[in-house]
Structures are given as structure tokens and as C-alpha cells.
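Student: Kindly generate the corresponding structure for this input.
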Amino acid sequence: MHLLCAFLAVLSLCEGSSLHCPGRCSCDSMQSVQCYRLTEVPSAIPPSTKRLYISHSKIQHLQLSNFTEMLAIEDFILLASGTESVENGTFKILNTLKSLELWKNKLRRVPSALPATLEVLKLNDNSINVLHASDFEGLKKLRILELKNNLLSSLSPSTLASLVSLQSLMVDSNHVQSVAGPLPLPHLRQLSLENNQLQIIPGSFFTSLQRLQYLSFSGNFLARIPVNLPNSLRSLKMERNQLKVVRFQDLKHLGNLFHLYLSENSLSSINGAQFLANLTTLELYQNQLQMLPLGLPARLQKLDCSNNLIQQVREQDFQDLRDLKHLFLDNNIVSVFESGALQRCSRLSSLALEQNLLQSIPLRLPGTLARLDLKGNAIQDIAEPELRDLKHLQVLNLRNNKLSALDHKALESLPRLRHLYLDGNPWNCTCSLLRAREVLKAKGTDVRGGQCVAPAERQGESWMSSVRIMKECESHLHLAEKSQGSREEPKAEDPSSIAINMDDDDEDYEID
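Tutor: As a prediction, the model looks like this:
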């Protein structure tokens, strides 16, 4: 009886709390309320609510009276609701507010008199065109400030001076043409000014940023890497600028730099990257490199030189890169690949050589390779010596080459092959390909492509899955064996010229 009474009491409390949840909203036991398609901020949310999320509504104006009963609110998110203005001091009374996010609205300025408890402020995708020092007064606890996709044209140090605890500042995709220094944010760790209109960064800009770890100036008009970068930097992004030369000697003090991104610039050569002794990632895709970088740091793990004008790969280019795991050389004009050029890369796992001018698979590739991409070359043949060392290879991409046959012995040397891509090759579907198919079937390899181009009567069929080809070849091979023991029987026809009955209704063979 006591248990029944207790259950009914709890049930009545739950029902009572659900009555306080406004229409078009959902309230949960974690003190969170989510609302959609409203015309105003709900006034009857439970007083214990800590998180209020409103999305895709039509709330043109926020005012103080909307929040007078939200004394426990910690997170307020208003997303894509067409909000154009906020009454002065609207959020000042929210003494528990830690996170304020007003994304994808139509705000023209930062809301005034924000509470001192605020730690996160995200105003992305609005129409804010200027910042005032008064916007951030008293926000000594603010750690994250995001102003992406607004209309800002400048970034002034005095505007942000009161943000003494700021750790992350994102001002991507604005119209920022100039910045001044020093930026007085001693605890800043992450700064991003991507997709703006910066042409120069003053040397004094980084004077106070001695804890900065992540810096991005991608998508600007910078002709050089900024000087006086802080020693604490771990990642530097400079893609999509106007770099023609990189002076690595000016960066040698960056002993903590692990990741450097220089893609989509106008670099014709790279020399001296060894000054960055701890660099593990170097991305250089879509530049104008005619040869591989000289003097790469020994700890490099990822090198991306795709979409350049590189013609050859030499052993001397990689002799010290024992930690290299990922190498991207796709979309170049590589026609010469020295035998054993990558032999010292004893940890190499993936090699991308798509869309080059190779006529054969490079010899003596590292046995550690798990993925090899050779799509879009001019490879006509695959021999067993080219693959015999690749005992760990799992993915082999041979699409869009000039292969007409496939040596089953080469496939037998790949014990871990799981995926093989063969589309876009001019396969000559003779019965000899059945031996390759049996090897692949035994491995359980997932094979894509393999449509016949010749002989004409087999065009469009797949030598991997066609039951017709399999039956015809097996039948004629059996006849050939019988003919060897009888002089009276005619000599069996060459299996390579067997005609296929195109009217056979057998279904394609499925690989298990």
C-alpha cells in the first residue's frame, strides 16, 4: 500500500511538471527545454530550467520581460529565428547565465550589458558590422567568443581588452581588412581569422599572445607568413593566400609547431622545412611545385603534395623520413618513380598516386602499405615482383588504367587484400582471368569493376561475376583435358577465343 501511494505521488509530480511545459516545446528531467517555431520567448517554462533552446522561430525582438522568471538559466540558445534586436540590459539579470548563443539571426550589434557570469558567447551568422569596447565590459570570465559570418571590417585591440580570460576567438568569414597590435589576450589559445581580406599582419600583433597554440589566416590575401609568431604555436593554417615563398629560417623558433598548412598558394619550391624539427603534418596541395620539397623534417608523418607539377620521385627525397605514414602525390605529372624510393619510409601506410603518368607500379614499395591508389595512370601490366612485398596491403585502386589482363600470381602475394577497384580498364576477357577470379574469391576480396571490352561478344560482362563466362571456360578446359588422351578427337579450341552465348539467362555470380 505504501509503495502504491509513493508511486502515485511521483506520478502526480511528473504530470504536474509536464503541465508547465509550454506549447511547441519539450521539457525533460535534465532541466532542459527545447522549442521550435515560436513567435515569442515562452513565458511559462519550469522555474528550474537551466537550458533553453529555441530554433527556427519568428522572434523579431528580445526584451527584459522575456527572462524575468528564468533565474536558474545557464544556457540560452536562439537559432535561426529572425531576431533583429535585443533590448538594453535584457540578459543582465541572468546571474547564472554561462552560455549565450544567438546564431543565424539578424543582429546588427552585440547585445549590451551582458552578465559577468558569461563564459561562452556565440554570435555567428548575423549582421554585426562593428565592435565597441562597451560590448564586452565586465566579461572577465568569458572563454569563448565566436563572431563568424558577420560584417566586421576591423579588429581593434582596445575593443577586446577586458576579455582577460579569453581562450578562443573566431572571426572567420567577415570583411576584416586590418588588425592592430598587440592583441591584449594573454590566455588566448585559439585564434581564427579565416576568409577575410587581410593583406598584412603587424609584427606587434602577437606580442601578448604567448599561449597561442592554434592560428588560422587561411583565405586571405597575405603574401608572406607573419613574423614574430609565438613559440607556443602548434598549428598554423595559411591556405588560400598569395604565398610565393616561405622563409623557414624565420620560423625556426617554432619548436612546438606540429601542423603547417600551406595549400592553395603559389609556391614553386619548398626548401628548409627541416628548421621545423617537430613538424608532423605538412600540406602543400594545389601549388606550383615542380619537385618534391627539399630538406623535410625527420619526424614528418603526413605529406600532401597533390595537385602540383611534380614529375619524378627520387630516393634522396625520402631518405630520412622514417616516421612518414601518409603520402599524397595524386594529380601531378609523375612519370619517373625510382625503384626503392620509399624503402626507408618504414611506417608508410597509405600512398596516393592517382592521376599521374605512371606506366607501371613502382618497385620495392614499403611492405607496411595498407592502401595504394593508382587510379588514372597508364599502367598496362601488373607483375608479381611489383606486389610481392606488400603483405599488409588491404586496398588497391587500379581504376582507369590500361590493364587488359591480371596475373593471378601477383594477387597471391597480397594475403590481406580486402578491396580491389578495377573499373575503367580495357579488360580482354579470356579464360586466363578465371584464375585471378578464383584467387580473389578465396581471399574474400571485394572487387569493383572488371567489365569486358574484348572480345566483342563479351563486351559489357564482368569477368568477376558472369556465370556465362565461368561455365564456358570450365567446359572448354574440360574438353581440352579429354582431347589430350584421344587422337581421334579434334584438338580443343584455344580457351582465349571461346564465344559466349549472350542469350543465356543465368544470373551473375555473387561474391560471398
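
Student: thought Lys98 was touching Leu121?
Tutor: No - using C-beta atoms under 8 Å, Lys98 is not in contact with Leu121; the gap is 10.2 Å. All C-beta spots, glycine's among them, are computed from the backbone N, C-alpha and C.

Student: out of those two, which sits in the more crowded spot?
Tutor: Leu121 (23 against 18; other C-beta atoms under 10 Å).

Student: What separation is there between that one and Ser235?
Tutor: Distance from Leu121 to Ser235, counting by C-beta to C-beta, to the nearest Å: 24 Å.

Student: same question, His326
Tutor: 17 Å.

Student: again with Ile73
Tutor: Taken as C-beta to C-beta, the span from Ile73 to Ser235 is 35 Å.

Student: Tell me where the stretch 401-512 of the chain has helices.
Tutor: Using DSSP state H, counting those that start in this stretch, the helices of the stretch 401-512 of the chain run over residues 408-412, 433-443, 467-483.

Student: Turn those helices into TSV, including mean neighbour count, mean pLDDT and distance to Leu390.
Tutor: TSV is the format used below for the helices of the stretch 401-512 of the chain (neighbours: other C-beta atoms under 10 Å; pLDDT from 0 to 100; distance: least, C-beta to C-beta, whole Å):
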stretch	mean neighbour count	mean pLDDT	distance to Leu390
helix 408-412	18	92	10
helix 433-443	18	89	14
helix 467-483	16	64	28
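
Student: which one of those lies closest to Tyr53?
Tutor: helix 433-443 (50.6 Å; C-beta to C-beta).

Student: got any ranges where the stretch 1-150 of the chain has weak pLDDT?
Tutor: Scanning the stretch 1-150 of the chain for pLDDT under 70 picks out 1-19.

Student: Tell me where it has strands.
Tutor: All strands of the stretch 1-150 of the chain, identified by DSSP state E, counting those that start in this stretch, fall at 25-27, 32-36, 51-55, 61-62, 75-79, 85-86, 99-101, 120-122, 144-146.

Student: doesn't Ser134 make contact with Ala161?
Tutor: No - the criterion here is C-beta under 8 Å, and Ala161 misses it with Ser134 at 11.5 Å.

Student: What is the burial count for the nearest residue to Asn129 once chain neighbours are set aside?
Tutor: Once flanking residues are discounted, Asn129 sits nearest to Leu151: 4.0 Å by C-beta to C-beta, 6 or more residues apart in numbering. A total of 13 residues lie near Leu151 under the criterion other C-beta under 10 Å.

Student: coming back round to it: looking at Ile73 and Ser235, which one has more neighbours?
Tutor: With neighbours defined as other C-beta under 10 Å, Ile73 and Ser235 compare such that Ile73 has more, 25 against 16.

Student: pretty sure the more buried one contacts Tyr53?
Tutor: No - here Ile73 does not reach Tyr53: they are 11.2 Å apart, not a contact under C-beta under 8 Å.

Student: Show me the strands in the stretch 151-300 of the chain, by range?
Tutor: Listed in chain order, the strands of the stretch 151-300 of the chain (DSSP E, counting those that start in this stretch) span 154-155, 168-170, 178-179, 190-192, 214-216, 235-237, 259-261, 281-283.

Student: strand partners of the second one, parallel vs antiparallel please.
Tutor: In this case it means strand 168-170. Using DSSP bridges, the strands paired with strand 168-170 are strand 144-146 (parallel), strand 190-192 (parallel).

Student: what's the answer for the fifth one, then?
Tutor: For strand 214-216, sheet partners with direction are given as strand 190-192 (parallel), strand 235-237 (parallel), following DSSP bridges.

Student: Pull the contacting residues for Thr96.
Tutor: With contacts defined as C-beta atoms under 8 Å, 6 or more residues apart in numbering, Thr96 is in contact with 50, 71-74, 117.

Student: Out of these, grab the one that's most surrounded.
Tutor: Ile73 (25 neighbours).

Student: mind checking how far it is from Asn66?
Tutor: Noted for Ile73: a distance of 11 Å to Asn66, by C-beta to C-beta.

Student: before we move on, what about Met470?
Tutor: Using C-beta to C-beta, we find Met470 at a distance of 73 Å from Asn66.

Student: follow-up on the earlier one: so can I have a markdown table of the strands of the stretch 151-300 of the chain showing distance to Leu229?
Tutor: Listed next are the strands of the stretch 151-300 of the chain as a markdown table, based on distance: least, C-beta to C-beta, whole Å:
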| stretch | distance to Leu229 |
| --- | --- |
| strand 154-155 | 17 |
| strand 168-170 | 16 |
| strand 178-179 | 14 |
| strand 190-192 | 11 |
| strand 214-216 | 7 |
| strand 235-237 | 7 |
| strand 259-261 | 11 |
| strand 281-283 | 16 |
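
Student: List the residues that contact the nearest residue to Gly367 once chain neighbours are set aside.
Tutor: Spatially, and ignoring its direct neighbours in sequence, Gly367 is nearest to Asp389 (4.6 Å; C-beta to C-beta, 6+ apart). Taking C-beta under 8 Å, 6+ apart as the contact definition, Asp389 lies against 364-367.

Student: Would you mind checking which of those residues is nearest to Pro202?
Tutor: Pro366 (45.8 Å).

Student: count of residues packed around the residue nearest to the closest one when sequence neighbours are not counted?
Tutor: Spatial nearest neighbour of Pro366, chain neighbours left out: Leu348 (4.5 Å); criterion: C-beta to C-beta, 6+ apart. Leu348: 24 surrounding residues under other C-beta under 10 Å.

Student: Show me where the stretch 1-150 of the chain has its helices.
Tutor: Assigned by DSSP H, counting those that start in this stretch, the helices in the stretch 1-150 of the chain fall at 2-19.
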